[in-house]
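Trainee: turn this into a structure:
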Amino acid sequence: MSGHGEAIAMVARRGGALRGVAEVPGDKSISHRALILGALSVGETRVTGLLEGQDVLDTAKAMRAFGADVERHGPGMWSVRGVGVGGFAEPDDVIDCGNSGTGVRLIMGAMATSPITATFTGDASLRKRPMGRVTEPLALFGAAAYGRRGGRLPMTVVGAADPMPVRYTSPVASAQVKSAVLLAGLNAPGETVVIEREPTRDHSERMLRGFGARIEVEARPEGRIIRLTGQPELCAQSVAVPRDPSSAAFPVCAALIVPDSDILVPGVSQNPTRNGLFTTLVEMGADIAFDNPREEGGEPVADLRVRYSALKGIEVPPERAASMIDEFPVLSVVAALAEGRTVMRGVKELRVKESDRIDAMARGLEACGVRVEEDEDTLIVYGQGPGGVAGGATCATHIDHRIAMAFLVLGLASERAITVDDGSPIATSFPVFEALMRGLGADITRIEA
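Mentor: A predicted model of the protein is given here:
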């Protein structure tokens, strides 16, 4: 059962070629950050192209609870009248972040250096995810966190009354951890420094700079050094959210594995900290053209023309993992239909996502007749070649939107239909997934209880 309602079983079957235009929603990572930084700014921020998935809607609700005026004016069109850095009010009720690890961790950072207290919870999946990776660096500012054993939600965070700036080397390659520390540093005096040994998505740095924060980034032998000067006055902005590469991954990968497919996916973010999947697919032999490159909302974007391709297995460089961490589930589907084995190393972060994604994909692929190997930090998929996946299984999604969509994509190219036990979590990040895929010609349907 989903944390947002009854489980919805869904099935995908092999059919004809996929054709048409796939207009995927706005980027989820940027949507979260636009709402939070808008709430921490002075004046009214206008956002267009905001992803209206449940994860982002929960963040909008949270910003209202902290005192910001957040309004929807039309599809993807929102405004946020902020309270300024350090201006968050203490919420009257528990903050429910639903399924969103990004939402809860970034919001914890944003409030951790204000003298207020907030209690956070989420759905069954989010309550299993570790929060210590964020609350430990936030404690260096002077915040305190009290949660369930293992640092899990529900959790109460008591913000620091007299925050101190910190210098923090992140032990994991996580944009969520980095962003939480930077957001906390906004209301701390002096300079907060974050050192990341492996680069992660840089939306927070780009957007902080756009809102007027003084932030410097330097590549050094010890890693990427990010310096943020605290207590700025952030100024409201107009934010155009580009289309989400993590959502685009599903129609792109479907077109690559369904024979004779030819689709266009316009306006997809090509941020170099997010485009690892597309680089990998091209190395596998994918026919993807990156047309009309341009900049939207401070982010590079392009229109992707994608055609069915004969693919070969490769070894994905472990240093690329951070730039495609959310795309490994659907990459493993593509790998199952390639020739030869695909080796994915450096992916242990997948074990602490909405589910243990390595285990979820491995078990589901095995049930569909695909040989896999795994260890704590590695997933190896032995490709069956085009059309070579038997399918015919019901795959467990573990309340994880990306697992659900990945196996539905696999069902479009397998010999027998593939069922997922619960597709309802898809609404958290890609609410138009079913309609968009069916519009391209995909045979994806719900199973009535």
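Trainee: show me the chain divided up by domain.
Mentor: Domain ranges of the chain: 10-26+243-446, 28-228, per automatic domain parsing.
Trainee: how far is the longest one from where the chain is centred?
Mentor: The chain centre lies 14 Å from the centre of domain 10-26+243-446; the measure is Cα atoms, centre = their mean, to the nearest Å.
Trainee: surely residue 303 and residue 269 touch.
Mentor: No. Taking contacts as Cβ atoms under 8 Å, residue 303 lies outside contact range of residue 269: 11.8 Å. C-beta coordinates here come from the backbone N, C-alpha and C atoms, glycine included.
Trainee: the two: which has the busier surroundings?
Mentor: Neighbours around residue 303 and residue 269, counted as other Cβ atoms under 10 Å, are more numerous at residue 269. The numbers are 26 against 17.
Trainee: what is that one paired to in the beta sheet?
Mentor: Legend: beta-bridge partners of residue 269 under DSSP bridges are residue 301.
Trainee: ok, which stretches of this protein are helices?
Mentor: Here the chain has its helices, by DSSP state H, at 28-39, 54-65, 101-111, 132-141, 175-185, 203-210, 245-257, 276-283, 328-336, 357-367, 401-411, 433-440.
Trainee: model confidence over the third one, on average?
Mentor: What helix 101-111 shows for mean pLDDT is 97.
Trainee: hey, C-alpha coordinates of that helix in PDB?
Mentor: The C-alpha coordinates for helix 101-111 follow below in PDB (Å, rounded to 0.1, in the frame of the first residue of the first chain):
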ATOM      1  CA  GLY A 101      13.600  12.300   1.000                       C
ATOM      2  CA  THR A 102      14.800  15.500  -0.800                       C
ATOM      3  CA  GLY A 103      11.900  17.500   0.700                       C
ATOM      4  CA  VAL A 104      12.400  16.500   4.300                       C
ATOM      5  CA  ARG A 105      16.200  16.800   4.300                       C
ATOM      6  CA  LEU A 106      16.300  20.200   2.600                       C
ATOM      7  CA  ILE A 107      13.600  21.600   4.900                       C
ATOM      8  CA  MET A 108      15.400  20.300   8.000                       C
ATOM      9  CA  GLY A 109      18.400  22.200   6.800                       C
ATOM     10  CA  ALA A 110      16.500  25.400   6.000                       C
ATOM     11  CA  MET A 111      15.000  25.600   9.600                       C
END
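Trainee: angle of that helix against helix 28-39?
Mentor: Between the axes of helix 101-111 and helix 28-39, defined by axes from the mean of the first three to the mean of the last three Cα atoms, to 10 degrees, the angle is 20 degrees.
Trainee: please identify the buried residues of helix 101-111?
Mentor: Within helix 101-111, the residues scored as buried using 16 or more other Cβ atoms under 10 Å are 101, 102, 103, 104, 105, 106, 107, 108, 109, 110, 111.
Trainee: likewise the fourth one?
Mentor: By neighbour count, with 16+ other Cβ under 10 Å as the criterion, the buried positions of helix 132-141 are 133, 134, 135, 137, 138, 139, 140, 141.
Trainee: okay if I get those residues as JSON lines plus pLDDT and distance to residue 382?
Mentor: Converted to JSON lines, the buried residues of helix 132-141 look like this (pLDDT from 0 to 100; distance: Cβ to Cβ, whole Å):
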{"residue": "133", "pLDDT": "94", "distance to residue 382": "33"}
{"residue": "134", "pLDDT": "97", "distance to residue 382": "37"}
{"residue": "135", "pLDDT": "98", "distance to residue 382": "40"}
{"residue": "137", "pLDDT": "98", "distance to residue 382": "40"}
{"residue": "138", "pLDDT": "98", "distance to residue 382": "43"}
{"residue": "139", "pLDDT": "98", "distance to residue 382": "44"}
{"residue": "140", "pLDDT": "98", "distance to residue 382": "45"}
{"residue": "141", "pLDDT": "98", "distance to residue 382": "47"}
